[in-house]
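Engineer: Return a 3D structure for these sequence lines:
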Amino acid sequence: MKMGAVFLSLLSVSLFLAGCQDIRMFFKGFEESFKGLEMTIQTYDESSQLIDQITGKSILIERDQTFDSDLESKDSSVIKITIGTKEMHHVGSSMIIAEKGLDNVFDTYTQTVDVANLQRGIPVINAMVNEQRNSFLGKKKVVLIRSQNGTPLATYAGNQVSLYKTEVPKSTGLLIDGKYLFVYRCDYTIYDLALLE
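Structural biologist: Numbers count the residues shown, from 1 in each chain. Presented below is the predicted three-dimensional model:
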């Protein structure tokens, strides 16, 4: 009887962790470091015009530590990207790196967003609940990305979206339905999908 209870407890914990976005993100980082991710790299000018595009099967994104001010600062904005056995460096212009399987749904959300929400809530509790949902389940969200001057650039949407900090200044990592999106030097707004429906 006790062995059955232990088994059920372990099974419950395993199922709980399997649904945890933070665990998925940890394994995504592990996969990126040791196998690389199949991704497309796109850089844009300030008018959101595509400058270049590179697709690779084994991509790793890192901050180039060579350009840190000192050993403790970790302030380099230079990105070092390994593509298979080749390498590229980037700094300055807007960049989006999307894992294979993520679709840019820009045309679906090209209209200007005008939202009115009159629902009441308790802000401090809502903030705590949203933080926990980001870590464990993610939320249905739409990510509107703009160039540095505010020109619309790309849009991504998903049922389980969570935001994460990265080691690269002025960048954000997102886990969208199990796929990784890296956004560098872009303006963005992330909406709960329910706000737009």
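
Engineer: Can you name the residues bridging to residue 61?
Structural biologist: residue 81 (DSSP bridges).

Engineer: mind listing what it touches?
Structural biologist: 32, 79-81, 97, 166, 168, 182 (Cβ atoms under 8 Å, 6 or more residues apart in numbering). The way it works is simple: take the backbone N, C-alpha and C, and place the C-beta from them, glycine included.

Engineer: Next step: those restricted to helices.
Structural biologist: Among the contacts of residue 61, the ones falling in helices (DSSP state H) are residue 32.

Engineer: would you list the contacts of residue 61 in a markdown table and tack on neighbour count?
Structural biologist: Converted to a markdown table, the contacts of residue 61 look like this (neighbours: other Cβ atoms under 10 Å):
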| residue | neighbour count |
| --- | --- |
| 32 | 20 |
| 79 | 26 |
| 80 | 18 |
| 81 | 21 |
| 97 | 25 |
| 166 | 17 |
| 168 | 24 |
| 182 | 24 |
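
Engineer: Next, count neighbours for residue 88.
Structural biologist: Using other Cβ atoms under 10 Å, residue 88 is surrounded by 13 other residues.

Engineer: What pLDDT does the model give the nearest residue to it once chain neighbours are set aside?
Structural biologist: Leaving aside its chain neighbours, residue 88 sits nearest to residue 81 (5.0 Å; criterion: Cβ to Cβ, 6 or more residues apart in numbering). Predicted confidence (pLDDT) for residue 81: 93.
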